[in-house]
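In: Got a predicted model here, sequence first, then my questions.
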Amino acid sequence: MSRRRWAAGAVVAALLATAFAAAPAQAHRGDGPRVVGYFTQWGIYGRDFVVNDLVRSGAAARLTHLNYAFGFLDAQGRCVSADPWADWQKPFPADRSVSGEADQPGQPLAGNLNQLRQLKQRYPKLRVLISLGGWTGSKHFSDAALTAESRREHVRSCIDLWIKGNLPGAAPGAAAGVFDGIDLDWEWPGSEAAPGNVVRPEDKRNFTLLVQEYRKQLGSRPDLTAFLPANPAMVERGFEVRPVFEELTFATIQGYDYHGTWEAVTNQQSALRVPAPDFSGQVAIGAYLDRGAPRNKLVLGVPFYSQGWTGVTGGGDGLHQPASGPAPGTWAPGNEDYKALAAKVDQFTVHRDHRAGHAWLFDGTTFWTWDDPVEMRRKARFITDRRLGGAMVWSLDGDTADGDLIKALHHGLRR
C-alpha cells in the first residue's frame with residue numbers, strides 16, 4: 001500500500017548473528033542521518049510481514065526510527081486503534097517472534113506492540129513512534145484540531161492510549177514504554193486528500209496549535225514528528241512552517257507519488273531533479289527551506305514500491321507515453337512492491353535518467369517506476385550533499401528478504 005496520489009523464511013541463528021555483527025554500530029546513534037522506516041499494521045496479514053522480518057533482513061539494525069502505521073481518530077477526534085487484534089491481541093508463535101519465544105495465553109500484551117517491545121529490547125537505541133492518520137485515517141483531524149478543548153482532549157487520549165499504554169480490555173499500562181513518541185500523518189490540513197475528509201480554511205493555523213499542544217503535553221523528551229506533503233501549493237495552504245518546525249523533532253517529506261496511475265500518461269514518481277512546476281525531491285525540499293525549515297529536520301521519503309501502467313503506446317523508452325490503465329499489481333492495480341518486481345526484472349529493460357535522478361522499467365507494453373539499490377544510493381547522495389536530516393522509507397515490507405534497499409540506503413547515508 002502506498003500513500004496514494006497527493007494525499008496518498010526463517011534464517012538460522014548463525015546467519016542472524018552474522019547479520020547483526022555486520023550492521024554498523026553507529027546505526028542508532030544521534031550523530032548521523034536518520035533512517036526512518038514505516039512498518040504497516042496490516043502487513044502481517046496478506047504480506048505475512050512481521051516485526052521479526054526486520055531482524056532477519058538486517059533492517060532493524062540500520063534504522064534509527066520505526067513508525068508504526070497507523071492509529072486512527074474516531075468521530076470525536078480521540079485516538080483509537082484501527083485493529084486491536086493486530087495491535088495487541090494476536091499471538092505470535094516462536095518462529096515468528098523477535099524473542100524466539102511463543103506468546104502465551106493470558107500474557108498482558110501480545111500482537112505487534114509486544115513484538116515492537118521485544119525489538120526495542122534487542123536494539124535499545126531504536127526509537128519507535130506511533131503514526132496517526134494516514135490516507136484512510138485522517139478524516140477527523142480537522143475536528144480534533146478545531147478548538148483548544150478539542151486539541152487538549154485529542155492529545156490527552158493519544159498519550160493515554162499509545163504512550164501510557166492504556167489499551168481497551170488490557171491491564172492498565174500494558175503497552176507503556178512501547179512508543180517513544182508520536183508521528184502526525186494528517187493528510188492534509190487545508191486539502192481534502194481522501195474523499196470525505198473534513199477540511200476547513202482554519203486548518204493551517206489549527207495544525208500549528210495542535211503540534212504545540214502535543215509538545216506541551218508530551219514534554220521535551222518524546223519525539224514528535226510529522227509527515228508533510230511535497231506539493232508547494234499544499235504546503236502554502238496547510239502549514240505555518242517556522243512555528244511547526246520549532247516543535248517537531250523532525251519532519252518526513254513526501255518523496256514519492258509525484259505521479260501515478262490516476263494519470264493516463266506514464267511518468268516518474270520519485271525523481272530528485274526535474275524542472276518546476278513538475279514535482280521532485282528538489283522541489284519538495286525547497287518548499288520547506290524557502291519557508292524557514294531547518295535542513296537537519298528535513299527527512300526525505302523514499303519508496304520501496306513502484307507505480308505502473310500497462311497498454312503503453314508511443315514507442316521509445318515508454319516515459320511520458322499514453323497508457324490504457326494501471327498495470328496488474330499483487331495488492332492493488334498500478335502498485336507493486338520492489339521485491340516482486342526485482343524477482344522478474346530480467347523481463348524488462350532498465351532505464352535511468354541520471355540527471356533527473358530516477359529510473360523505470362519498460363518491456364514495450366508495461367511501465368514501472370523503479371527505485372532499486374542504485375537509486376537508493378543516488379537518493380542518499382542527494383540527502384548528504386544537501387546536509388538534510390536523513391531518509392524515510394515507505395514501507396519496509398516492500399524490500400527483499402535480504403534487505404537490499406535498506407542496506408543500500410543506509411550505506412549511502414553513512415559514507
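Out: Ah, there it is. Numbering: from 1, shown residues only.

In: where exactly do the helices run in the stretch 301-415 of the chain?
Out: Under the criterion DSSP state H, counting those that start in this stretch, helices of the stretch 301-415 of the chain are mapped to 338-342, 373-385, 404-414.

In: Of the ones you listed, which is nearest Leu209?
Out: Evaluated with C-beta to C-beta, these place helix 373-385 nearest to Leu209, the distance being 30.7 Å. C-betas here are computed from N, CA, C, even on glycine.

In: tell me which residues in that closest one are buried?
Out: Pro373, Glu375, Met376, Arg377, Arg378, Lys379, Ala380, Phe382, Ile383, Thr384 (16 or more other C-beta atoms under 10 Å).

In: For stretch 179-190, what does the pLDDT average out to?
Out: Averaged across stretch 179-190, pLDDT comes to 98.

In: just how off-centre is that stretch within its chain?
Out: For stretch 179-190, the distance from its own C-alpha centre to the chain's C-alpha centre is 11 Å (C-alpha atoms, centre = their mean, to the nearest Å).

In: so what does the helix or strand containing Phe72 touch, helix or strand wise?
Out: Assigning secondary structure by DSSP states H and E places Phe72 in strand 65-73. Secondary-structure packing of strand 65-73 (3 or more C-beta pairs under 8 Å, 6 or more residues apart in numbering; DSSP states H and E): strand 34-40, strand 79-81, helix 111-122, strand 127-133, helix 141-144, strand 181-185, strand 223-228.

In: Could you export these as TSV, including mean neighbour count and distance to Ala194?
Out: Formatted as TSV, these follow (neighbours: other C-beta atoms under 10 Å; distance: least, C-beta to C-beta, whole Å):
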stretch	mean neighbour count	distance to Ala194
strand 34-40	25	17
strand 79-81	19	17
helix 111-122	22	24
strand 127-133	25	10
helix 141-144	24	11
strand 181-185	25	12
strand 223-228	25	14
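
In: between the ones you listed, which gets nearest to Lys90?
Out: It's helix 111-122; of the helices and strands packed on strand 65-73, that one is closest to Lys90 (C-beta to C-beta) at 4.7 Å.

In: returning to what we had before: and the helices and strands packed on strand 65-73 as TSV, adding distance to Ala170?
Out: Conversion of the helices and strands packed on strand 65-73 to TSV gives the following (distance: least, C-beta to C-beta, whole Å):
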stretch	distance to Ala170
strand 34-40	21
strand 79-81	11
helix 111-122	10
strand 127-133	16
helix 141-144	24
strand 181-185	20
strand 223-228	24
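
In: Would you mind telling me which of these is nearest Asn267?
Out: Proximity to Asn267 (C-beta to C-beta) singles out strand 223-228 among those, at 22.0 Å.

In: so what strands line up beside the closest one?
Out: strand 181-185 (parallel), strand 250-253 (parallel) (DSSP bridges).

In: hang on, the earlier thing: of all the buried residues of helix 373-385, which comes closest to Gln254?
Out: Lys379 (13.4 Å).

In: Spatially nearest residue to that closest one (excluding sequence neighbours)?
Out: Of all residues not flanking Lys379 in the chain, Val302 sits nearest, at 5.2 Å (C-beta to C-beta, 6 or more residues apart in numbering).
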